[in-house]
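K.L.:
A structural model of the following input is requested.
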Amino acid sequence: MNPPDLTGGRTITFLYTDDLPRLSRFYEEVLGLACVVDQGRCRILRASPTALIGICDIPGRPRGTDGVLVSFAVEDLDAAHAALSARGVRFEGPVSLGMGGTVRSAFFRDPEGYRLEIQSFLQDGLPWLP
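P.N.:
Purely as a prediction, here's the structure:
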């Protein structure tokens with residue numbers, strides 16, 4: 001039996017919180033993501049045409065933020081960095097060069113402590129994205 005084709009749809013990364021209004025404000029007002037589904041205890045936000053972020057306050061949810069990184073690929077890293085800084089985002093350090101000199105990125109955390117990244121690709125752009 002062949003595996004299912006999971007490449008044609010959208011992906012949703014779920015992040016959990018005990019304070020949904022606070023986390024919603026950060027993602028919607030600071031990062032500017034639009035809520036596309038409000039399920040009460042979960043809000044689904046559009047991160048790109050094919051990627052969604054779910055933020056949820058669910059009893060008994062998994063705990064901890066270690067090992068989670070949500071990365072936003074942007075065309076103009078410096079403009080994104082300046083815009084987020086103006087909205088109060090505190091970055092963990094300066095913009096850095098990584099992945100053998102092919103990626104520039106800057107890291108920060110959301111109010112729940114999840115690690116977020118803005119990054120731009122220096123060589124091939126984003127050929128795998130629509």
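
K.L.:
only C-alpha atoms from now on, for both contacts and neighbour counts.
P.N.:
Will do.

K.L.:
identify the residue spatially nearest to the residue nearest to the spatial centre of the chain, adjacent ones excluded.
P.N.:
Compute the mean C-alpha point of the chain, and by Cα atoms, centre = their mean the closest residue is residue 70, 4.0 Å away. Leaving aside its sequence neighbours, residue 70 sits nearest to residue 116 (Cα to Cα, 6 or more residues apart in numbering; 4.9 Å).

K.L.:
work out for me the element the one you found sits within.
P.N.:
strand 115-121 (DSSP states H and E).

K.L.:
pairing partners for that strand, with directions?
P.N.:
strand 69-73 (parallel), strand 103-109 (antiparallel) (DSSP bridges).

K.L.:
can you give the distance of that strand from its chain's centre?
P.N.:
Distance of strand 115-121 from the chain centroid (Cα atoms, centre = their mean, to the nearest Å) equals 8 Å.

K.L.:
ditto for stretch 88-101
P.N.:
15 Å.

K.L.:
any idea how far apart the tips of it sit?
P.N.:
Using Cα to Cα, to the nearest Å, the end-to-end distance of stretch 88-101 comes to 28 Å.

K.L.:
contacts for it?
P.N.:
Residues from elsewhere that reach stretch 88-101 (Cα atoms under 8 Å, 6 or more residues apart in numbering): 30, 85, 103, 104, 105, 106, 107, 108, 109, 122.

K.L.:
excluding its backbone neighbours, what's nearest the fifth one?
P.N.:
So that's residue 105. Counting by Cα to Cα, 6+ apart, the residue nearest residue 105 is residue 119, at 4.1 Å.
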